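# Coordinates for the following, if possible.
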Amino acid sequence: MLIRLWFPACDLFDPARLTDAFWVECDLQEALHLTPELHGVHQQQQATHPTWPLCFLVSRDGQQVQPHPRVFPYAGQWGNWNPFRAVQPLTLSSLNELEQLQQPLSAPWTWPDELGA
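Got it, this is the predicted structure:
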């Protein structure tokens, strides 16, 4: 699993309880360890872009795992304010490692090659 983005004080899980979240990119086997079955958004992505990673927004404590399309943090919906922050890429073997992370090291924002900016 790979992290390249961080969402500090994320309000997408519960607006009343802000928590740090991470954008976690997975291969198919890793994704199936996070959720019991592939979410519809990931099934569609596998059909149209089988080489793209399957992506999740995951709370720091690992209790909240939301599947999202690959383009979610890069979409125009954010306008001039994108809550995601680029961080030095970090490979995880388990979501338990998220709780141990200090504030991730910032990195330049990089548009993924597969999204064809």
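
# how about low-confidence regions in this protein?
Low-confidence segments of the chain, defined by pLDDT under 70: 104-105, 109, 111, 116-117.

# tell me the strands in it, going along the chain?
Ranges of strands within the chain are 2-10, 19-26, 54-59, 65-68, 85-91, based on DSSP state E.

# Would you format those as TSV with distance to Gln103 and mean neighbour count included?
Glycine gets a C-beta too; all of them are placed from N, C-alpha and C. Conversion of these to TSV gives the following (distance: least, CB to CB, whole Å; neighbours: other CB atoms under 10 Å):
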stretch	distance to Gln103	mean neighbour count
strand 2-10	8	19
strand 19-26	9	22
strand 54-59	16	24
strand 65-68	21	18
strand 85-91	9	14
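
# Could I get the ones you listed in a markdown table, plus columns for distance to His33?
Below are the strands of the chain laid out as a markdown table (distance: least, CB to CB, whole Å):
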| stretch | distance to His33 |
| --- | --- |
| strand 2-10 | 14 |
| strand 19-26 | 8 |
| strand 54-59 | 11 |
| strand 65-68 | 10 |
| strand 85-91 | 15 |
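
# Tell me which of those lies nearest to Gln45.
Minimum separation from Gln45 across these (CB to CB) falls at strand 54-59, 6.9 Å.

# what pairs with that closest one, and is each one parallel or antiparallel?
Counting by DSSP bridges, the strands paired with strand 54-59 are strand 19-26 (antiparallel), strand 65-68 (antiparallel).

# Relative to its centre, which residue of the protein is most distant?
With CA atoms, centre = their mean as the measure, the chain has its most outlying C-alpha, relative to the mean C-alpha position, at Ala16: 21.0 Å.

# so what's it up against?
Residues near Ala16 by CB atoms under 8 Å, 6 or more residues apart in numbering: none.

# Return the distance of it relative to Val41.
25 Å (CB to CB, to the nearest Å).

# Switch the strands paired with strand 54-59 over to TSV; also include distance to Ala75.
Below are those laid out as TSV (distance: least, CB to CB, whole Å):
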stretch	distance to Ala75
strand 19-26	12
strand 65-68	10
